[in-house]
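Novice: Sequence and predicted model, in that order:
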Amino acid sequence: MQTKIFQNIQEYLAYIRVERGSSQNTLDAYQSDLIAYAQYLLDAGRADVCALKVSDIQEYLSYLLNFGMAPASIARHSASIKGFHTFLFAESICPHNPAQDLVLPKQPSKLPDVISINQALVLLDQNFEASAKGRRDSALLELLYGCGLRASEVCTLNLSDVYLEEELLRVRGKGSKERVIPLMGSAKRALTNYLDFGRGLLYTKKGGPQSQDSSAVFLNMRGKRISRQTVYDLVSSYGKNVGIEDLHPHTLRHSFASHLLSGGTDLRVLQELLGHSDIATTQIYTHIDRTHIRSEYLHAHPRA
């Protein structure tokens, strides 16, 4: 059981690294918070993380307060713990989420990282190998940026979700919520090229048509369904190729949203494309857009 809780923590850290594009400093902080939390639970004889109640979490936070920890640090610990339990519930590792009703202190919103339109073009127009891998990687990057997909959504994409003639893509987002988004332009061309001339070569490497991965759009070099970690590594590697350091899959999703908004896309339409259940989540991109407008004004106006 002791090994299990620390294994769960590593799974969660891998998840936020890929899905949120969290920095190494953030990952180190979360890891420190959660290991301390896990050690407290073990010392208190509560090794089964799935059996915890919200009162157990509150008791731990009170312990930190009595220990003399600063309120800002306790707020960070609270966020780390709530994210951890939410992940365990969402991934069906635990049957309930004890942190669901945990109230977190209000923290200022952090604007998501984005790349410029020019950087996106350089990234996607770089020379990809004329191979199954090169075609796959090009299509993968095009969908992340061209369709605003999460890394997990790319990984779970099935052949039955692709409608090339209709130029549509069916995506299963958080909570298995489905949305249909346009598949057009270079994203459609890259995906078609991969499906026609790349995927079949990867598919033949695996154990026959009975495999559970036979329906997957994106396959790894062993012919299995691609993983979130592989997507993360590919995006980071291709970013470095063109001088974009620390590029994450979620940065491409953020850039998709920011560039559409600056191009005049309605906020409600953007909400549907991103699969946000609450438009307040989408509204953060309006702050990015205003920042862009201000910088353009300062750069261009002679009296600025």
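Specialist: That came in fine, so what should we check first? Predicted model only: the values in this text are computed from it and were never measured.

Novice: okay, CA-based contacts and neighbour counts for the rest of this
Specialist: OK.

Novice: So for stretch 215-233, what gets flagged as buried?
Specialist: For stretch 215-233, a neighbour-count test (16 or more other C-alpha atoms under 10 Å) marks 215-220, 223-229, 231-232 as buried.

Novice: Now do the same contact list for residue 8.
Specialist: If you count contacts by C-alpha atoms under 8 Å, 6 or more residues apart in numbering, residue 8 has them with residue 88.

Novice: Show me where the stretch 1-150 of the chain has its strands.
Specialist: Counting by DSSP state E, counting those that start in this stretch, one finds no strands in the stretch 1-150 of the chain.

Novice: Identify the residues contacting residue 171.
Specialist: 153, 157, 161, 178, 179, 180, 181.

Novice: could you say which helix or strand contains it?
Specialist: According to DSSP states H and E, residue 171 maps onto strand 168-172.

Novice: repeat for residue 179
Specialist: Judged by DSSP H and E, residue 179 forms part of strand 178-182.

Novice: okay, the angle between the strand holding residue 171 and strand 178-182?
Specialist: Per axes from the mean of the first three to the mean of the last three C-alpha atoms, to 10 degrees, the angle that strand 168-172 makes with strand 178-182 is 150 degrees.

Novice: quick one: average confidence on strand 168-172?
Specialist: Strand 168-172 shows an average pLDDT of 92 in the prediction.

Novice: Give me the sheet partners of it and which way each runs.
Specialist: strand 162-163 (antiparallel), strand 178-182 (antiparallel) (DSSP bridges).

Novice: okay if I get those as JSON lines plus mean neighbour count, distance to residue 138 and mean pLDDT?
Specialist: As requested, the strands paired with strand 168-172 are exported to JSON lines (neighbours: other C-alpha atoms under 10 Å; distance: least, C-alpha to C-alpha, whole Å; pLDDT from 0 to 100):
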{"stretch": "strand 162-163", "mean neighbour count": "16", "distance to residue 138": "17", "mean pLDDT": "96"}
{"stretch": "strand 178-182", "mean neighbour count": "15", "distance to residue 138": "18", "mean pLDDT": "91"}
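
Novice: Now residue 279: closest residue in space, sequence neighbours ignored.
Specialist: Distance criterion C-alpha to C-alpha, 6 or more residues apart in numbering; nearest residue to residue 279, sequence neighbours excluded, is residue 271 at 6.1 Å.

Novice: mind checking how far the one you found is from residue 16?
Specialist: As judged by C-alpha to C-alpha, to the nearest Å, residue 271 and residue 16 stand 22 Å apart.

Novice: Break the chain into its domains for me.
Specialist: Domain assignment for the chain by automatic domain parsing gives 2-90, 117-297.

Novice: what's the average pLDDT for the one helix or strand residue 257 maps to?
Specialist: In this structure, residue 257 sits in helix 249-262 according to DSSP H and E. The average of the pLDDT scores along helix 249-262 is 91.

Novice: same deal with stretch 229-237?
Specialist: Here the average pLDDT along stretch 229-237 is 95.

Novice: same check, this time on stretch 19-34
Specialist: The predicted model assigns stretch 19-34 a mean pLDDT of 85.

Novice: what about that stretch, distance to the chain center?
Specialist: 14 Å (C-alpha atoms, centre = their mean, to the nearest Å).

Novice: List the buried residues for it?
Specialist: Buried residues in stretch 19-34 (16+ other C-alpha under 10 Å): 19, 21, 22, 27, 30, 31, 33, 34.

Novice: Same check on stretch 140-159?
Specialist: Buried-residue list, stretch 140-159, by 16+ other C-alpha under 10 Å: 140-158.

Novice: Dump stretch 232-248 to PDB, restricted to CA.
Specialist: Taking C-alpha atoms only, stretch 232-248 is exported to PDB below (Å, rounded to 0.1, in the frame of the first residue of the first chain):
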ATOM      1  CA  TYR A 232       5.000  15.300 -24.600                       C
ATOM      2  CA  ASP A 233       8.500  14.200 -25.700                       C
ATOM      3  CA  LEU A 234       7.800  14.700 -29.400                       C
ATOM      4  CA  VAL A 235       6.400  18.200 -29.000                       C
ATOM      5  CA  SER A 236       9.400  19.200 -26.800                       C
ATOM      6  CA  SER A 237      11.800  17.700 -29.300                       C
ATOM      7  CA  TYR A 238      10.300  19.400 -32.400                       C
ATOM      8  CA  GLY A 239      10.100  22.700 -30.500                       C
ATOM      9  CA  LYS A 240      13.800  22.600 -29.800                       C
ATOM     10  CA  ASN A 241      14.500  21.900 -33.400                       C
ATOM     11  CA  VAL A 242      13.200  25.400 -34.300                       C
ATOM     12  CA  GLY A 243      14.500  27.200 -31.200                       C
ATOM     13  CA  ILE A 244      11.300  27.000 -29.000                       C
ATOM     14  CA  GLU A 245      12.500  25.800 -25.600                       C
ATOM     15  CA  ASP A 246      10.200  23.900 -23.100                       C
ATOM     16  CA  LEU A 247       7.300  23.500 -25.600                       C
ATOM     17  CA  HIS A 248       4.400  21.500 -24.200                       C
END
